[in-house]
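[1] Need coordinates for the following:
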Amino acid sequence: MIDMQNQPDHRNLPIDKVGIKNLRYPITVLDRQNGFQQTVATINMYVDLPDKYKGTHMSRFVEMINIFRQEVSLKKFAVILDQMKAHLNAASAHVEVTFPYFIEKRAPVSEAPGLMDYTCSIIGSSDAMGNVDLISEVVVPISSVCPCSKEISECGAHNQRGEVRLAIRFKRFIWMEDMIELVEHAASCDVYSILKRVDEKCVTERGFENPKFVEDIVRDIAVQLKADENITWFSVSAENFESIHNHSAYASITSGRPPAGRDGLNRISAIQPCEC
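    So this is what the prediction gives:
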């Protein structure tokens with residue numbers, strides 16, 4: 001049968017990224033406590049397309065993720081990207097994998113167990129020289145108490161739930177759990193899936209004793225990341241879904257040099273595998 005994708009194209013225009021978006025697929029990811037965790041990811045996969053070809057082979061992207069779905073991890077990404085380039089005759093490849101990740105978290109006083117879900121992403125690309133760039137990202141729910149409200153009010157202070165998005169580049173492997181814990185420690189208080197009355201009292205008072213603006217949250221996280229020699233670049237943002245306003249409060253900080261050429265890329269070979 002004729003292969004239409006490999007037919008020549010008269011427009012002579014290369015395409016930077018061509019592939020599939022929003023593929024939902026079951027995958028297995030690394031879990032610091034249990035070794036592995038099954039989840040369902042939303043996956044975007046792209047390669048470049050030279051000007052001489054009419055199209056790429058879309059079905060091959062799904063074939064690739066099916067091969068590697070038993071472990072989608074940072075240490076596997078270089079292999080996935082290389083296989084994509086070889087399988088699709090491409091010079092560069094790009095993959096974005098976003099998935100819900102569950103961690104058992106106990107209430108602060110009663111220690112009632114419950115599962116907290118976090119949105120995590122692994123983003124990777126490989127250029128024509130074989131350099132691999134990796135980004136880990138987590139989205140963490142938090143709670144915050146307004147320092148201004150506490151200062152000016154005769155009693156109480158308004159509080160709200162918020163969301164922190166943290167993305168990093170690094171030299172050595174880092175657990176998603178470590179990123180999540182860093183964010184939670186910077187909030188007025190953690191968010192939990194299960195709270196008894198004694199726990200509600202604890203988190204309410206803890207938040208009131210630790211008021212934070214969104215500016216405080218991103219700065220506290222940034223201070224920790226800047227002091228970590230393993231982190232080469234980061235982007236952190238905090239959004240509070242305000243309880244007394246019809247808008248959100250937002251702050252963000254980006255620091256470090258993003259990849260720019262061969263020496264700027266975060267090479268997978270430099271990432272030490274986890275001990276699991």
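
[2] by contact count, what packs against the helix or strand hosting residue 249?
    Element membership for residue 249 (DSSP states H and E) is strand 248-256. Other helices and strands packing on strand 248-256, by 3 or more C-beta pairs under 8 Å, 6 or more residues apart in numbering; DSSP states H and E, are helix 214-226, strand 231-241. Using the backbone N, CA and C atoms, a C-beta is placed for each residue, glycine as well.

[3] Ok, which of these comes nearest residue 22?
    Proximity to residue 22 (C-beta to C-beta) singles out strand 231-241 among the helices and strands packed on strand 248-256, at 23.0 Å.

[4] So which residues make contact with the closest one?
    By C-beta atoms under 8 Å, 6 or more residues apart in numbering, the residues outside strand 231-241 that reach it are 142, 144, 160-171, 214, 217-218, 221-222, 225, 248-258, 266.

[5] Buried among these? Make that a ChimeraX selection.
    Command for ChimeraX that selects the buried part of those, burial taken from 16 or more other C-beta atoms under 10 Å:
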select :142,144,160,162,163,164,165,166,167,168,169,170,214,217,218,221,222,225,249,251,253,266
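
[6] Could you list the residues in contact with the longest strand seen in the chain?
    Looking across the chain with DSSP state E, the single longest strand is strand 15-31. Strand 15-31 has contacts (C-beta under 8 Å, 6+ apart) with 36-49, 55-56, 58, 61-62, 65-66, 69-73, 94, 97, 99, 101, 120, 175, 274, 276.

[7] helices and strands around the very next helix or strand once past that strand, which ones?
    Once strand 15-31 ends, the next helix or strand along the chain (criterion: DSSP H and E) is strand 35-49. Contact analysis of strand 35-49 by 3+ C-beta pairs under 8 Å, 6+ apart lists strand 15-31, helix 58-68, helix 74-87, strand 93-106 as its packing neighbours.

[8] 6 Å - rerun?
    Secondary-structure packing of strand 35-49 (3 or more C-beta pairs under 6 Å, 6 or more residues apart in numbering; DSSP states H and E): strand 15-31, strand 93-106.

[9] Which residues belonging to that strand are considered buried?
    Neighbour counts over strand 35-49 (16+ other C-beta under 10 Å) mark 37, 39, 41, 42, 43, 44, 45, 46, 47, 48, 49 as buried.

[10] Leaving out chain neighbours, which residue sits closest to the fourth one?
    Nearest non-adjacent residue to residue 42, counting by C-beta to C-beta, 6 or more residues apart in numbering: residue 98, 4.9 Å away.

[11] thought that neighbour was touching residue 122?
    No: Residue 98 lies out of contact with residue 122 (C-beta atoms under 6 Å); the separation is 8.3 Å.

[12] Neighbour count: the two, which is higher?
    residue 122 (22 against 16; other C-beta atoms under 10 Å).

[13] tell me the contacts of the more buried one?
    Residue 122 is in contact with residue 97, counting by C-beta atoms under 6 Å, 6 or more residues apart in numbering.

[14] Against residue 78, how distant is it?
    To residue 78, residue 122 is 12 Å away according to C-beta to C-beta, to the nearest Å.

[15] follow-up on the earlier one: most tightly surrounded among the helices and strands packed on strand 35-49?
    Counting by mean count of other C-beta atoms under 10 Å, strand 93-106 has the highest mean neighbour count of the helices and strands packed on strand 35-49, with a mean of 19.

[16] Any stretches of the stretch 1-150 of the chain with poor pLDDT?
    Within the stretch 1-150 of the chain, the stretches with pLDDT under 70 are 1-10, 54-56.

[17] related to what we said a few turns ago, I'd like the mean pLDDT over the strand holding residue 249, please.
    Averaged across strand 248-256, pLDDT comes to 92.

[18] In its sheet, which strands sit next to it, and in what direction?
    Here strand 248-256 is paired, per DSSP bridges, with strand 231-241 (antiparallel).
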